[in-house]
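Student: Pasting the sequence and the predicted coordinates here, then a few questions.
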Amino acid sequence: MLVSMDKILNKAAKEGYGVVAPNVFNAETVEAAYKAAIEAKSPLIMDCAGILDLELISEVVRFFSKRYPEVTAALNLDHGKDYEVAVKAIRNGFTSIMVDRSTLPFEENVKQVAEVVKMAHAVGVSVESELGHVGQGVTYDNDRDAGLTNVDEAVDYINQTGVDCLAVSVGTAHGRYIGTPHIDFNRLAELKAKCSVPLVLHGGSSSGDDNLRKAVEIGITKVNIGTDLRTAGAIKVKENLVKAEFPNLAEIYADGTEGYKEMLKHYMMLFGCVNRERT
């Protein structure tokens, strides 16, 4: 069952657990995500980057939503940089869009996001946006503090844009870290106390299980995971290639998606979203 993402997140926020949002990029990762959700009895949010074939991913998701109707799922555009990409995602059946204007000045961020929210809400699509800026792990030591979310600005931002959930910057980064991740849990607690919508954490991969568990306990409702899933799949492929006398492509795909699926289930258990599949 495909639903708008706000339905999944509002339930999670009310009941105090986090939902994993894996990056999907082909039919194999979409099905692996569905199978993980079935095995864990977990809701599912699939993040899809705007550079991918949105029409293809949407068709694949809808195919598996019919095959596995017991899974409550949302399909979310990840880091939509352009208005046109948001429109394309909605036209292709995405149930949520993430509008990323985090590098713009506050006023321009609000203006552009509010326009997308008005358009998306008119057709029943939920909207995620980002305030502050989550950077890259490779430059973590240099820019970790530069983009942290201001709590008072976050309150104004939610009121002015009407977004359904807010991605905040509290010390994580995208990809692998060069340096040690330091999460600002005090800032996160303030955001949770003052913000009226579910909070999202980007850059979950390699941030550490203890850090992520605590972030969810304090108030994060959605955690984006990409790099760790791809890495787990690649490691599984490498391990089995060493063992195989005559490896073939079908086995390679199966090994990779099995590693992806098992790592995804690990995070579902870590964030407490097992046995919560229905909205």
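Tutor: Received, thanks.
Student: quick one, phi psi at the residue sitting furthest away from the middle of the chain?
Tutor: Using Cα atoms, centre = their mean, the residue of the chain lying farthest from its centre is Glu245. It sits 37.8 Å away. The phi/psi pair for Glu245 (degrees, to the nearest 10) reads phi -80, psi -40.
Student: for it, what are its contacts?
Tutor: Not one residue lies near Glu245 by Cβ atoms under 8 Å, 6 or more residues apart in numbering. Heads up, the C-betas are built off the backbone N, CA and C, glycines and all.
Student: Please tell me how far it sits from Glu251.
Tutor: 11 Å (Cβ to Cβ, to the nearest Å).
Student: Check Leu264 too.
Tutor: In terms of Cβ to Cβ, Leu264 sits 20 Å off from Glu251.
Student: And the two? Which one has more around it.
Tutor: Neighbours were counted for Leu264 and for Glu251 using other Cβ atoms under 10 Å; Leu264 has more, 27 against 14.
Student: what's the single longest strand in the protein?
Tutor: strand 73-80 (DSSP state E).
Student: Report the distance from it to the chain centre.
Tutor: Remark: strand 73-80 is offset 7 Å from the chain centroid, using Cα atoms, centre = their mean, to the nearest Å.
Student: Give the other helices and strands that that strand contacts.
Tutor: In terms of contacts (3 or more Cβ pairs under 8 Å, 6 or more residues apart in numbering; DSSP states H and E), strand 73-80 is packed against helix 5-15, strand 44-49, helix 54-67, helix 83-91, strand 96-99.
Student: So which residues of the stretch 51-200 of the chain form strands?
Tutor: 73-80, 96-99, 126-131, 165-168, 199-201 (DSSP state E, counting those that start in this stretch).
Student: Around Glu94, count how many other residues there are.
Tutor: For residue 94 the amino acid is Phe, not Glu. Phe94 - counted by other Cβ under 10 Å - has 28 other residues nearby.
Student: how close does it get to Gly256?
Tutor: Phe94 is 25 Å from Gly256, by Cβ to Cβ.
Student: Check what pLDDT Asp210 gets.
Tutor: As predicted, Asp210 sits at a pLDDT of 96.
Student: wait, Gly203
Tutor: Gly203 is given a pLDDT of 88.
Student: do the same with Tyr140
Tutor: 68.
Student: same check, this time on Arg276
Tutor: So Arg276 comes in at 88 (pLDDT).
Student: any low-confidence regions in the stretch 101-250 of the chain?
Tutor: Low-confidence regions of the stretch 101-250 of the chain, defined by pLDDT under 70, span residues 140-141.
Student: how about the helices in it?
Tutor: Under the criterion DSSP state H, counting those that start in this stretch, helices of the stretch 101-250 of the chain are mapped to 106-121, 140-143, 151-161, 185-194, 209-218, 227-243, 249-270.
Student: To Arg276, which of the ones you listed lies closest?
Tutor: helix 249-270 (9.4 Å; Cβ to Cβ).
Student: how much does the closest one deviate in direction from helix 227-243?
Tutor: 140 degrees (axes from the mean of the first three to the mean of the last three Cα atoms, to 10 degrees).
Student: Helix 249-270: how far from the chain's middle?
Tutor: 17 Å.
Student: elements contacting that helix?
Tutor: strand 19-22, helix 27-40, helix 209-218, strand 220-225, helix 227-243.
Student: Would you convert those into JSON lines that also reports mean neighbour count?
Tutor: Shown next, in JSON lines, are those (neighbours: other Cβ atoms under 10 Å):
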{"stretch": "strand 19-22", "mean neighbour count": "29"}
{"stretch": "helix 27-40", "mean neighbour count": "21"}
{"stretch": "helix 209-218", "mean neighbour count": "17"}
{"stretch": "strand 220-225", "mean neighbour count": "27"}
{"stretch": "helix 227-243", "mean neighbour count": "16"}
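Student: Gly175: which of the ones you listed is closest?
Tutor: Short answer: helix 227-243, nearest of the helices and strands packed on helix 249-270 by Cβ to Cβ, at 5.4 Å.
Student: And for the closest one, what's in contact with it?
Tutor: Residues from elsewhere that reach helix 227-243, judged by Cβ under 8 Å, 6+ apart: 22-23, 29, 174-176, 204-206, 247, 251-252, 255-260, 262-264, 267.
Student: wait, what's in contact with Gly259?
Tutor: 232-237.
Student: wait, doesn't Val71 sit right on Ile38?
Tutor: Yes. Taking contacts as Cβ atoms under 8 Å, Val71 lies within contact range of Ile38: 6.1 Å.
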